[in-house]
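[1] please find the sequence and the predicted model below.
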Number of protein chains: 2
Amino acid sequence: MNVFYLPDATEGMVSFPEEESKHCVKVLRMQAGDRFCVTDGKGSLYDGELVEAHPKRATVCLTNKRQGYDNKSFKIEIAIAPTKLNERTEWFLEKATEIGIDKVQLFASYHSERRVANVDRLRKVMIAAMKQSIKSKLPEIDDVVDFNKLVKQPFNGQKFIAWIDDNVTELLCDKYEKGKNALVLIGPEGDFSPEEVQLAKDNGFIPVSLGDARLRTETAAVVACHTVNLINQMKRK
Amino acid sequence: MNVFYLPDATEGMVSFPEEESKHCVKVLRMQAGDRFCVTDGKGSLYDGELVEAHPKRATVCLTNKRQGYDNKSFKIEIAIAPTKLNERTEWFLEKATEIGIDKVQLFASYHSERRVANVDRLRKVMIAAMKQSIKSKLPEIDDVVDFNKLVKQPFNGQKFIAWIDDNVTELLCDKYEKGKNALVLIGPEGDFSPEEVQLAKDNGFIPVSLGDARLRTETAAVVACHTVNLINQMKRK
């Protein structure tokens, strides 16, 4: 099933913007009468039918507006420092979008390998993953913020900080309470400084481990994201 | 900490093979007296010290043989069809090695996109991940086998088959029993045929879902691997 992204989707006749029109008509060579799925990235899916195969401004008819299967009762946010290799951050965004995530917060900290990010490019990775996994919600992603500012932002839910420290023995999977919103800070490739860990603790972040395996930054981020999703799926409390 | 791989490691004076010698002496420019870690890929780690910095046959002294942190009481095997894009299979192998896996079984099935694999290249990905995450065990990987043969092989533990089917409502995380060995078959990009699913069931495989998210093959494999590891880490049963 082909999926298109139209942020301002409504039932009835609508136009695709240039990029989606081109993909639909030129790349996929769709013709009038062909059917597909449309996501608005805000929680709704639609059935779509191509009415006029214009390569720059395709006209489509949208019906059967419905909630996506990815509407959930909890929110999961991951804060991560952009990795030295961009592809590792992009890989995390793709996988987290597939598994389920509401917001990614990029940050720069003392040992960060990279302090800037091309957010437009990263958002495109998430849009592609959203379409591929037929999700109705596009995760949010904001520009890089300073770690010291990030930890002071309000958050309605449980806040965790995960990094490599032999003294941290509590696991995210044991501390996270099913149904609650979760924000997890993931240590950058150079890890957090002791001052940063203390600042996070002072601001209500709970230190947690993701297990005894030594994970790369982007693997840790995917593991944290999956942990919260899994605990919400499990029958056992 | 630099980590080197020496399958026939023992305490005392040993020689590195050409590749590890080159990496140690030429690439990392290590000198006599420099210290590092050595894994034998079979469950043991050693402290190492460079004695003679020969670029093709470095001499090292190994001491303090010990069990790696990745020795576990359960085994996890994932069977996966090689993905159309090799890099997606390689990515799975890297992440699974970091998270914890004992064996990867490649298979070819009715809808497989790819029926051959360069196992030597794939093993190198796992060796690099083992070193990076300081693991003492190198996961096994064998050449591609036919699906019909794979499902008939004996396995001492719980056997699962995961694919996309709205009728499968039991979750791997609910059916897997902590402490047991697990083998999970992951559907290929074209998914299993109904006959293949039936054959697996007939051979004792339990049909399970990985949740309601639609995951790519390699994401599903990582999620299955992490699920088994996580349930073994959790305090709750």
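    Thanks, I have it.
[2] how about the strands of chain A, start to end?
    A:3-5, A:12-15, A:35-39, A:44-52, A:59-67, A:76-80, A:103-108, A:140-146, A:158-162, A:182-186, A:206-208 (DSSP state E).
[3] most neighbours per residue, which of those strands?
    Mean neighbours per residue, mean count of other C-beta atoms under 10 Å in any protein chain shown, is largest over the strands of chain A for strand A:182-186, with a mean of 27. Every C-beta, even on glycine, is put in place using the N, C-alpha and C of the backbone.
[4] avg pLDDT for that strand?
    Averaged across strand A:182-186, the pLDDT comes to 98.
[5] for the residue lying closest to A:Arg35 once chain neighbours are set aside, give the beta-bridge partners.
    In space, and not counting its chain neighbours, A:Arg35 is closest to A:Glu49: 5.2 Å by C-beta to C-beta, 6 or more residues apart in numbering or on different chains. For A:Glu49, the beta-bridge partners under DSSP bridges are A:Arg35, A:Cys61.
[6] could you measure from A:Glu49 over to chain B?
    Distance of A:Glu49 to chain B, given as C-beta to the nearest C-beta, to the nearest Å: 22 Å.
[7] correct me if wrong: that residue contacts A:Val38.
    No: contact criterion C-beta atoms under 8 Å: A:Glu49 and A:Val38 do not qualify, at 10.1 Å.
[8] identify the contacts common to those two.
    Residues within reach of A:Glu49 and of A:Val38 at once, by C-beta atoms under 8 Å, 6 or more residues apart in numbering or on different chains, are A:Val60.
[9] can you report how many residues neighbour the nearest residue to A:Leu50 once chain neighbours are set aside?
    Closest residue in space to A:Leu50, ignoring its immediate chain neighbours: A:Asp34 at 4.8 Å, by C-beta to C-beta, 6+ apart. When neighbours are defined as other C-beta atoms under 10 Å in any protein chain shown, A:Asp34 has 16 of them.
[10] what are the phi and psi values at A:Asp34?
    The phi/psi pair for A:Asp34 (degrees, to the nearest 10) reads phi -70, psi 150.
[11] again with A:Arg57
    Taking degrees, to the nearest 10 as the convention, A:Arg57 sits at phi -150, psi 70.
[12] show me the contacts for it.
    A:Ser15, A:Phe16, A:Pro17, A:Glu18, A:Ser21.
[13] quick check, nearest of those residues to chain B?
    A:Phe16 (23.0 Å; C-beta to the nearest C-beta).
[14] excluding chain neighbours, what is closest to the closest one?
    Leaving aside its sequence neighbours, A:Phe16 sits nearest to A:Ala58 (C-beta to C-beta, 6+ apart; 4.4 Å).
[15] which pLDDT value goes with that neighbour?
    On the pLDDT scale, A:Ala58 gets 96.
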